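1. Below are the sequence and a predicted model; questions follow.
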Amino acid sequence: MEKGYQVHGIKRKSSLFNTQRIDHIYQDPHEIHLNFHLHYGDLTDSSNIIRIIQEVQPDEIYNLGAMSHVKVSFDMPEYAANADGIGTLRILEAVRLLGLTQKTKIYQASTSELFGLVQEIPQTEKTPFYPRSPYGVAKLFAYWTIVNYREAYNMFAANGILFNHESPRRGETFVTRKITRAATLMVYGLQKKVFLGNLDAKRDWGHAKDYVEAMWKMLQLDNPDDFVIATGHTHSIRDFCSKTFMKLGIEIEFSGNGIDEKGIVKSIDSKVLNNYGIDKPAINIGDVVIEIDPAYFRPTEVDLLIGNPVKAKKILNWVPKYNLEMLINEMVDSDMEIARIEKLTRK
Ligand code: F7E
């Protein structure tokens, strides 16, 4: 919207409000919301997609819609295939059917989950795919459908192979936000510990803001192409936990193996918490703050992801502004504020 676009979004019907993460846009004092429209819709509903695209006649479509939780896709594989795989096909077909192939550019949110059981380190646009979940397989269908429509119908359709990208608005069931939420609730005494799955998995985490810029840049090219968007650095879930707690002045020591591994508070630098206005944290040395729950293990795991974004740097002139430390700082600061307010309202 800051770029002057009229933005149309699609939201699913829910019996609860589900727009909290964008509601602030409506409250913008510059009335930027006048350029923002939400439609009811669903990627599993062809006629709905066709009607919205017909009404809006968009110049650019960013298909970020998906059942995006990898673990949940094992429980709902058919829905994941329908929304994430065929949903992409529905958008492409709608654009074609409505005669918009030369007007509408399409960005497809492809994913590092395509690499799954990685065949090469680091992963590039040329690395063979080997998805490891119904989510990954559905996204593979979408990836090749985009390539095929580009070649068959000369459409501007591009895949952004985005590695994990996070922010304070990340959903709370994804591991980064689950950890920053838990740690911040713990110092306020609102949560005792957090149960996690595989701490050994490694991810290449970037900031969503940087990655959205890359998506936009991809649609401004003269010719559509596919790009890996990543930071080129990887860290384990265990590392992410340590860094998150350390930002709050809390040093964690991991002990034990497998499902018996625990994260225990080794030291507390109270000056750091004082800076957040906390005199007496609800956490003590020796507390077990992290435990393993096998319910979070995946039937097939993606152990290691690390991308090489050299093509994006060269062709899109894309350079991420955030590193992992800056990302964690922003997520922790935001969640500390949320926890502070929750503490006040729960009293
Ligand atoms: O898991 C491990 C888990 O759920 C990251 C989606 O946006 O990025 C995301 O997919 C890792 C995995 O993200 C817990 O086993 C350990 O190895 O945060 P996540 P994801 O699966 O990498 C890609 C690029 C997408 O495209 C997806 O849409 O963390 N892990 N313990 C855990 N994960 C979760 N969720 N919860 C745990 O307790």
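-> Structure received.
2. who in the stretch 101-250 of the chain is up against the ligand?
-> 111-113, 163-164, 173-175, 178, 196-198, 201, 203, 237 (CB under 6 Å from any ligand atom). Where C-beta positions appear, they are placed from N, C-alpha and C, glycine not excepted.
3. and with 5 Å instead?
-> Contact residues, the stretch 101-250 of the chain versus the ligand (CB under 5 Å from any ligand atom): 111-113, 164, 174-175, 196-198, 201, 237.
4. which residues does the nearest residue to G4 once chain neighbours are set aside contact?
-> Counting by CB to CB, 6 or more residues apart in numbering, G4 lies nearest to N35, which is 8.0 Å off, once chain neighbours are set aside. Going by CB atoms under 8 Å, 6 or more residues apart in numbering, N35 touches 1, 4-7.
5. In strands, which of these appear?
-> Judged by DSSP state E, these include V7 as members of strands.
6. Would you state the strands of this structure in chain order?
-> Under DSSP E, the chain gives strands at 7-11, 36-40, 60-63, 105-111, 157-162, 165-166, 194-196, 202-203, 206-207, 227-229, 235-236, 250-255, 262-268, 288-292.
7. Read off the pLDDT value for the closest residue to R238 other than its chain neighbours.
-> Leaving aside its chain neighbours, R238 sits nearest to L199 (4.3 Å; criterion: CB to CB, 6+ apart). As predicted, L199 sits at a pLDDT of 98.
8. gap between L199 and H165?
-> From L199 across to H165, the span is 21 Å (CB to CB, to the nearest Å).
9. of those two, who's got more company?
-> H165 (24 against 17; other CB atoms under 10 Å).
10. From I86, how far off is that one?
-> Separation of H165 from I86 (CB to CB): 24 Å.
11. next one: D303
-> From D303 over to I86 (counting by CB to CB), the distance is 29 Å.
12. Of these two, give the one with the bigger neighbour count.
-> Shown here are D303 and I86; by other CB under 10 Å, I86 has more neighbours (17 against 13).
13. wait, what's in contact with the more buried one?
-> Contacts of I86 by CB under 8 Å, 6+ apart are 44, 141.
14. Per-residue pLDDT of it, please?
-> I86 carries a pLDDT score of 98 in this model.
15. Can you report how many residues lie near the residue nearest to K139 when sequence neighbours are not counted?
-> Using CB to CB, 6+ apart and skipping the chain neighbours, the partner closest in space to K139 is T111 (5.2 Å). For T111, the neighbour count with other CB under 10 Å is 26.
16. One more: N48?
-> For N48, using other CB under 10 Å, the count is 17.
17. Kindly report the same for N154.
-> Per other CB under 10 Å, the neighbour tally for N154 reads 11.
18. And it, how far from K105?
-> N154 is 12 Å from K105, where distance means CB to CB.
19. Kindly report the same for R170.
-> Taken as CB to CB, the span from R170 to K105 is 27 Å.
20. same question for stretch 208-220, mean pLDDT?
-> According to the model, stretch 208-220 has a mean pLDDT of 98.
21. which outside residues touch the longest helix along the chain?
-> Ranked by number of residues, the top helix in the chain under DSSP state H is helix 324-346. For helix 324-346, the surrounding residues in contact (CB under 8 Å, 6+ apart) are 166-168, 170, 176-177, 180-181, 183-185, 187-190, 205-207, 231, 233, 235, 240, 243-244, 247-248, 276-277, 322.
22. Buried ones only from those, please, as a ChimeraX command.
-> Buried residues within the contacts of helix 324-346, by 16 or more other CB atoms under 10 Å, are selected in ChimeraX with:
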select :166,167,168,170,176,177,180,181,183,184,185,187,188,205,206,207,231,235,240,243,244,247,248,276,322
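23. Which of the contacts of helix 324-346 fall within helices?
-> Counting by DSSP H, these contribute 176-177, 180-181, 183-185, 187, 240, 243-244, 247 to helices.
24. ok, the residue sitting nearest the centre point of the chain - contacts?
-> Geometric centre of the chain, nearest residue: H165, 4.6 Å, by CA atoms, centre = their mean. By CB under 8 Å, 6+ apart, the contact list for H165 reads 205-208, 210-211, 229.
25. That one pairs with what?
-> Judged by DSSP bridges, the bridge partners of H165 are G206.
26. how far does stretch 34-48 sit from the chain's center?
-> Taking CA atoms, centre = their mean, to the nearest Å, one finds the center of stretch 34-48 at 21 Å from the center of the full chain.
27. quick one: terminal-to-terminal distance for it?
-> 23 Å (CA to CA, to the nearest Å).
28. can I get the CA coordinates of stretch 191-210 in PDB?
-> Extracted in PDB, the C-alpha atoms of stretch 191-210 (Å, rounded to 0.1, in the frame of the first residue of the first chain):
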ATOM      1  CA  GLN A 191       3.900 -20.000  31.500                       C
ATOM      2  CA  LYS A 192       6.100 -22.700  33.300                       C
ATOM      3  CA  LYS A 193       7.900 -24.400  30.400                       C
ATOM      4  CA  VAL A 194       7.700 -25.100  26.700                       C
ATOM      5  CA  PHE A 195       7.400 -28.500  25.000                       C
ATOM      6  CA  LEU A 196       9.200 -28.800  21.700                       C
ATOM      7  CA  GLY A 197       9.900 -31.500  19.100                       C
ATOM      8  CA  ASN A 198      13.200 -32.100  17.200                       C
ATOM      9  CA  LEU A 199      15.800 -29.600  18.600                       C
ATOM     10  CA  ASP A 200      18.400 -30.800  16.100                       C
ATOM     11  CA  ALA A 201      16.600 -29.600  12.900                       C
ATOM     12  CA  LYS A 202      18.400 -26.700  11.300                       C
ATOM     13  CA  ARG A 203      16.700 -23.800   9.500                       C
ATOM     14  CA  ASP A 204      17.800 -20.800   7.400                       C
ATOM     15  CA  TRP A 205      15.700 -18.100   9.100                       C
ATOM     16  CA  GLY A 206      15.200 -14.600   7.600                       C
ATOM     17  CA  HIS A 207      12.900 -11.700   8.300                       C
ATOM     18  CA  ALA A 208       9.500 -11.600   6.500                       C
ATOM     19  CA  LYS A 209      10.000  -7.900   5.600                       C
ATOM     20  CA  ASP A 210      13.100  -8.700   3.600                       C
END
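29. Thanks again, I'm all set now.
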